[in-house]
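Novice: Model the following, please.
(2 chains)
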Amino acid sequence: MKKQESGRQNSQFSIPNSQFFSNWRRWLNTLSPVIALFVVFELFVLIAPSSFATARNMEMIARQTAIVGIAALGMTLVIISGGIDLSVGSIVALSTVVIAWLLQSAGAGPLTAAAGGVAAAAFFGLLSGVLITRLRVVPFIVTLGMMLVVRGAAKGIGREQKIDVDPAQLRWLDELLASVPAERSWMLLPPGVWLMIFLAIGMAALLRYTRLGRHTFAIGSNEQTARLCGVAVERVKVLVYTLCGAFGGLAGLMQFSRLTVGDPTVAVGLELNVIAAVVIGGGSLAGGEGSILGTLVGALIMTVIASGCTQRGYPNWVQEIITGAIIVIAVALDRLRHRRTA
Amino acid sequence: MAERIDSQQPVIRLKMQGVSKRFGATVALEDVSIEVAAGEVLALVGENGAGKSTLMKVCSGAIRPDAGQMWLDGEPYRPNHPLEARRAGVAMIYQELSLTPHMSVQENIMLGMEPSKLGVILWKQVRQRAIEAIKEFDNPELTPDARVSRLSVGSQQLVEIARALAIGCNVLVLDEPTSSLTQQDVERLFEIIGRLKQQGKAIVYISHFIEEVKRVADRVTVLRDGRVVGSKNVAAISSDEIVSLMVGRQVEELYPRSARHAGEVVLEIEDLAGQENPKSASLTLRRGEVLGIAGLVGAGRTELLRSIFGLEPVRKGRIKIGIYTGPASPHRRWMQGAGFLSEDRKEEGLALSLSVADNVTLSRLKGFGPLGLVLPGRQDKATRRWLQQLDIRCRGPQQSVSSLSGGNQQKVAMARLLQHDVDVLLLDEPTRGIDVAAKALVYKLINALATGGEAVPALRPAGILPAERNKGKMPSPHRQPKAILIVSSYLPELMGVCDRVAVMCRGRLGPTYRIEEVNEHDLMLEATGQEIGS
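Specialist: Below you'll find the model as predicted:
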């Protein structure tokens, strides 16, 4: 930090000033989704019953966000790289089925089962990545196909049925997203939510401070430039989709923890919620833009709406209309902001 | 204020008076007045950022001025939108073509104003009007059914002009029309401009090429820092005078040349052939040498550089860079100490939405933190040095590249090669579309790189931080002379900066000549010679 200061003094005087200005603007840009979240939340505090603003309800919102939130972390990476992954919903289902199968039929321990589920998910992510880079087919098509392939595989493993797991086998697996018991109130939030938070911090750091992260941005911003600069575009892409698959697998672990069965028909259409979370958070489907903070806020906004509407007693269809409108409004606002800064 | 049009005088088609425009604190235009008569070509010259484009955006309705008035054929004219301007008869032909590549010539010409009945397009009329618009150009490539993507850049530009004519535009604004044209297409364009003149169109011609301006324009107006600094008849002003007006000072030697000493061979290619181009190319390049490749656009010069750098496949032949033999990926090439500057800044050279720092450091993100981390502070620090040395005008390393001017963008692209500290620089049209001051800097830089250490302080002595220089982590300022291979379509530039030059024609690279042995005329002959023969 100190060295940087001395560097600045040598440079033109205008730089520190304008830098302060641009920093200030950058902060506003990064924080705008948080402000949006706050506004939406306050809105429901005003109109929903008084129970809405309680710590208990907030914990519930956090718990409900975990599945979409974790999957959206991987999706953020994919979307920043200029791609898309439509197979996430299927991957979540596959992961629950694999975990259940490992617990029930293979007699694996909870950790092995969880790892197995995530590994299976990562494998399909890897497969998507390899197909996208080898066959040079656009990600939309490859992952659309993969969505069906993975869903089919999940159903195949489960023989078209849910796989029930003996409760004794579960051990800690069903506690990941359960509300925190009184004797462990020091945890504040259930382990699954903590996992999401730590993963988010890790991913944000990955995007900002590692070569993989910077390369991902570069590919999304301009793939040709990235290639010209010697970025191993194919390898980075494969990694990105693999990571996205792995995050889908972790989301599947959370899903399993909540249901305690392996359900091949769960999470149909989840990928759209996940993509919506990224997009609400400022991710651009054209690539090169997006942030982890924004994505988490996007996921939270959707849960806040869902939870608020439920508590207010609005029917499901109202909820869906509101969520849809929020997606469009959020992106429109984002465009507007871009136009102003450009 | 509105002038009565005297029948004796040439009709003033477009008149802009007292136009001012500010963007925040920057004055883009200040009290600018110009007028163009029917049958006249007005050249608008100035450095990038001098306000030419802003002025023309005001004229074509894309920007609304803060003050000032405009008249079109004596009528007050206040377009709110480019479409309104087009309807009023002012068409802008941009540098970047705005055609839909997948559609045919006739569809492009009539796009947005297709004659129709009940929403059904009357194809006969479309065709007829398109034919009318293009017959003027008598270019065999231009047929109503041809797909635009199959046409050469020159013909595509004609389609764009045809589109303007088809709506009945009387004022045409050409923005850098020749920057990507071949010599023949340029000739053809000039011929067409001559014809349009005779038809009484008023033409505003924006260009960086003074020679072109002298040839094609009747009057020249020079803009600097948003003001008109001179407006003269072309016959009454010399090229040097125009340049001095543009930069506001006498241009000292545009092409500096210090004593260069050729060292060991660092790049050697032998009978290199790619997928289609190049067909055959051999050359050797030594440290401390600048080798230029002349030729027409499409001769395969870009492909030659790209196949050396691994961006295009190599079919046969031998490449040796330093001690490494054989083709390699761009990733390897960077590691072997070669760097490539793309001719296409926007599409390939730069990631526009990323910051200056990201663009400068993208090719080598190592050494910016422990454990392979990339710490933004260190990226910024490395970048700041180049901001100063190359005089890149921006708010700071974190500003996104898209908001910089063309010249500054090019400097950012150059800074990447310097930051990476490569030994072999492959430069493809390094001064395309940048202003004179930026060009001068690029030439100075090329000279400094080729000569090694002693010339570097001349770049910009004040800003370099001595403390940072001695830091081991920073790439050392070019002490050793570099080897530079430069492709350019602008012959005076090659004559100015190169030690040796070779001509590429139809995919074949000719012999290299020492620069003292050749002149521009011969080179141009060699570049076009075989085409005349066939």
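Novice: Show me what the host helix or strand of residue B:193 is packed up against.
Specialist: Using DSSP states H and E, residue B:193 sits in helix B:183-198. The helices and strands touching helix B:183-198, judged by 3 or more C-beta pairs under 8 Å, 6 or more residues apart in numbering or on different chains; DSSP states H and E, are helix B:153-166, strand B:202-206, helix B:210-216, helix B:520-533. All C-beta spots, glycine's among them, are computed from the backbone N, C-alpha and C.
Novice: Any idea which of the ones you listed gets closest to chain A?
Specialist: Among the helices and strands packed on helix B:183-198, the nearest to chain A by C-beta to the nearest C-beta is helix B:153-166 (18.6 Å).
Novice: returning to that earlier point: what would the helices and strands packed on helix B:183-198 look like in a markdown table with mean pLDDT and distance to residue A:132?
Specialist: As requested, the helices and strands packed on helix B:183-198 are arranged in a markdown table below (pLDDT from 0 to 100; distance: least, C-beta to C-beta, whole Å):
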| stretch | mean pLDDT | distance to residue A:132 |
| --- | --- | --- |
| helix B:153-166 | 84 | 32 |
| strand B:202-206 | 92 | 42 |
| helix B:210-216 | 85 | 46 |
| helix B:520-533 | 65 | 42 |
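Novice: Okay, helices next: where are they in the stretch 401-534 of chain B?
Specialist: For the stretch 401-534 of chain B, helices defined by DSSP state H, counting those that start in this stretch occupy the ranges B:406-420, B:436-451, B:466-469, B:491-497, B:520-533.
Novice: okay, the angle between the second one and helix B:406-420?
Specialist: Helix B:436-451 and helix B:406-420 are oriented at 20 degrees to each other (axes from the mean of the first three to the mean of the last three C-alpha atoms, to 10 degrees).
Novice: rewinding a little: just name the most buried of the helices of the stretch 401-534 of chain B.
Specialist: Per-stretch averages of neighbours, counted by mean count of other C-beta atoms under 10 Å in any protein chain shown, single out helix B:406-420 among those, with a mean of 24.
Novice: on contacts alone, who are the packing partners of that one?
Specialist: strand B:338-341, helix B:356-361, helix B:376-389, helix B:436-451.
Novice: Now find how far off-centre it is within its chain.
Specialist: 15 Å (C-alpha atoms, centre = their mean, to the nearest Å).
Novice: What mean pLDDT does it get?
Specialist: For helix B:406-420, mean pLDDT rounds to 90.
Novice: Send over that helix as CSV, restricted to the C-alpha atoms.
Specialist: Provided in CSV are the C-alpha atoms of helix B:406-420 (Å, rounded to 0.1, in the frame of the first residue of the first chain):
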residue,chain,number,x,y,z
GLY,B,406,-8.2,5.0,-30.6
GLY,B,407,-4.7,6.3,-30.1
ASN,B,408,-4.7,5.5,-26.4
GLN,B,409,-6.1,2.1,-27.0
GLN,B,410,-3.3,1.3,-29.4
LYS,B,411,-0.8,2.4,-26.8
VAL,B,412,-2.4,0.1,-24.3
ALA,B,413,-2.0,-2.8,-26.8
MET,B,414,1.6,-1.8,-27.4
ALA,B,415,2.1,-1.6,-23.6
ARG,B,416,1.2,-5.3,-23.4
LEU,B,417,4.2,-6.2,-25.5
LEU,B,418,6.5,-4.0,-23.4
GLN,B,419,5.1,-5.3,-20.1
HIS,B,420,5.7,-8.8,-21.3
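Novice: Near residue 80, how many other residues are there?
Specialist: The chain I'm using is chain A. Residue A:80 has 27 neighbours, counted by other C-beta atoms under 10 Å in any protein chain shown.
Novice: You answered for a different chain; I wanted chain B.
Specialist: Residues lying near residue B:80 (other C-beta under 10 Å) number 10.
Novice: per-residue confidence for it?
Specialist: Value for residue B:80, per-residue pLDDT: 86.
Novice: out of the helices and strands packed on helix B:406-420, nearest to residue B:91?
Specialist: helix B:436-451 (27.8 Å; C-beta to C-beta).
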